[in-house]
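Q: Test case, fold it:
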Amino acid sequence: MARVETFLTDQAQTRPDALALTDSIGTAWSYADLDVASDALSAELKTAGVRANDRVLLLSENCAAAVAVLFACWKMDAVVIPVNARQSEGEVARILNHAQPAAVLMTCAVSDDAVAHAERMGAREISGAFGALHLATPLPSAPDADLHDVAVLLYTTGTTGDPKGVMLTHDNLRFGGMASANLRDMRQDDLIYGVLPITHVFGLASVVTASCYTGATVRMEARFTAAKLFEALQDGVTLLSAVPQMHALLMQYTKEQGLTTLGSDRLRYVSSGAAPLDPAWKRKAEAFYGVALQNGYGMTETTAGICATRSEIGDPDISVGPPLPGVEVRIDDTVEGGSPGEGEVLTRGGHVMKGYYRNPDETRRVLEDGGWLRTGDLGKIDDQGMLHILGRSKELIIHGGFNVYPPEVEAALNDHPQVIQSAVIGKMIKGDEKVLAFVQIAEGDDLTPDDLKAFVSARLAGYKRPSQIILATSLPAAPTGKILKHRLMDAFADQFD
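A: Numbering: from 1, shown residues only. Just a heads-up that it's a prediction; the model follows:
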């Protein structure tokens, strides 16, 4: 088994002085610096009792130190659990209880949310060539031999609301990183904007891992703002991967500066992921950037990538493109009620996860004999071999590039004593999916939407909180009592903001 950290050691040996990372607190590391930083952190973790096949939870927002954590753990054969520091205390607790990590590291220098987690866990500050981090060891842990080839556990809550740790192996990350680098024709002189969270598979595999494989430079950014992105694009960024909301906010910001186009002479690749493309919006974006807007499709369980486009500017195609090299895709058109040629998307190849950690039942449900993964998404393949995504059968909402699972939001709402039941769906508004909640309460109750928003704010990360909550004394339901989600939009059409 080849390992991800060899990407770093190769760069450190052949191009030690080449710039690897910069971040928002002024860090600027060469590949040799990153290699030294990760070695120093490995030693610190070993002193704290972390061993091979242990788990290390990383509560972070993007910065150089977070990347050092990745490579430090991989060098000692430990498994990283990257979690966005904006997750609530309850969300983090569920992951802690399931994964039982040997240590928790927090990037307090770039994240107030990480500071809050550190205070709750009684973490201590550690420092060295890796900068400053906070370290806690809140739980007893033991190495797990089943994780010997696993690089990261990326937690999703799935359709059940229970946390599921996606096991991505070293082979998975190497496959995903190399595929992403080759797709984008990455070069050593590229400057890549790294605002997509590395706690999400896209930022982890397609930005950090791909860049390290290539020897390019990543400009890390802890949080997105249109002003910072505009500055970076004027300052030499060559590759930009983002979600539609980021593109829209950048275009609005630029318009407010009195400009109609970006005007960058170095930008050569732009992609938009995590949401469907609108043809008119695609044309507008390409006119703004002056380069083609690429699209793609993937998920956590497939190390980000399944399909991607390599379109020329002006191409009207809004598919997600053909399968990446080494990836197979087929359509299961036996889905009840589906049209011929349309059905669930299945995929296999080196990008497919090992399985869900400590969850063999869910693993068997989605991984079939022969290595095929059931994505839960509906699609079709056109005559040119391009995949078109028609819908998400798992009801996943992608808001601002983050995954939002309705059962998790519904569970938080249902915790309120005045809530009878709730239903959460996504609604596409201006290139982004908004989280909408429909809540049933008793007639005469004085509960307000603002009351509920305040109630769930302590239970859910900001991006998971509903943008609108509609209260009603009844929700459309089947005779069995099951809420009919497909009827909610029509039933409450006159109440949307």
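Q: Phi, psi for the residue nearest to residue 381 when sequence neighbours are not counted please.
A: Excluding the flanking residues, the one nearest residue 381 by Cβ to Cβ, 6 or more residues apart in numbering is residue 387, at 5.6 Å. Placement of C-beta: from N, CA and C, glycine included. Taking degrees, to the nearest 10, you get phi -90, psi 130 for the backbone angles of residue 387.
Q: show me the contacts for residue 387.
A: 297, 306-307, 319-323, 329, 345, 379-381 (Cβ atoms under 8 Å, 6 or more residues apart in numbering).
Q: show me where the stretch 251-400 of the chain has strands.
A: Secondary structure of the stretch 251-400 of the chain by DSSP state E, counting those that start in this stretch: the strands cover 269-272, 293-297, 307-308, 327-332, 342-349, 355-356, 373-381, 387-392, 397-399.
Q: Now the weakest link among these, please, by mean pLDDT.
A: For the strands of the stretch 251-400 of the chain, the weakest mean pLDDT is recorded on strand 387-392, namely a mean of 78.
Q: circling back: right, so of the strands of the stretch 251-400 of the chain, which gets closest to residue 145?
A: Proximity to residue 145, assessed across those by Cβ to Cβ, is greatest for strand 355-356 (14.8 Å).
Q: strand partners of that closest one, parallel vs antiparallel please.
A: Applying DSSP bridges, strand 355-356 is found paired with strand 164-169 (antiparallel).
Q: Next secondary structure element downstream of the partner strand?
A: Using DSSP states H and E, the next helix or strand after strand 164-169 towards the C-terminus is helix 170-183.
Q: Got phi/psi on residue 122?
A: phi 70, psi 40.
Q: sorry, that was for residue 105
A: Per degrees, to the nearest 10, the backbone of residue 105 is at phi -110, psi 140.
Q: any idea how far residue 139 lies from residue 148?
A: From residue 139 across to residue 148, the span is 21 Å (Cβ to Cβ, to the nearest Å).
Q: Looking at those two, which is more packed in?
A: Using other Cβ atoms under 10 Å as the criterion, residue 139 and residue 148 rank with residue 139 on top: 16 against 13.
Q: need the contact list for the more buried one.
A: With Cβ under 8 Å, 6+ apart, residue 139 has these contacts: 96, 100-101.
Q: Show me where the stretch 201-350 of the chain has its helices.
A: With DSSP state H, counting those that start in this stretch applied, the stretch 201-350 of the chain shows helices at 201, 210-214, 226-234, 244-256, 279-289, listed in chain order.
Q: Of all the ones you listed, which one is nearest residue 445?
A: helix 244-256 (34.4 Å).
Q: That closest one to helix 279-289, inter-axis angle?
A: Angle, helix 244-256 to helix 279-289, by axes from the mean of the first three to the mean of the last three Cα atoms, to 10 degrees: 50 degrees.
Q: Can I get helix 244-256 as PDB, trimmed to CA atoms?
A: C-alpha atoms of helix 244-256 as PDB (Å, rounded to 0.1, in the frame of the first residue of the first chain):
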ATOM      1  CA  PRO A 244     -22.100  28.500  -6.500                       C
ATOM      2  CA  GLN A 245     -22.800  30.700  -3.500                       C
ATOM      3  CA  MET A 246     -19.200  31.800  -3.400                       C
ATOM      4  CA  HIS A 247     -19.100  32.600  -7.100                       C
ATOM      5  CA  ALA A 248     -22.300  34.700  -6.800                       C
ATOM      6  CA  LEU A 249     -21.000  36.700  -3.800                       C
ATOM      7  CA  LEU A 250     -17.800  37.400  -5.500                       C
ATOM      8  CA  MET A 251     -19.600  38.700  -8.600                       C
ATOM      9  CA  GLN A 252     -21.800  40.900  -6.500                       C
ATOM     10  CA  TYR A 253     -18.700  42.200  -4.600                       C
ATOM     11  CA  THR A 254     -16.900  43.000  -7.800                       C
ATOM     12  CA  LYS A 255     -20.000  44.800  -9.200                       C
ATOM     13  CA  GLU A 256     -20.000  47.000  -6.000                       C
END
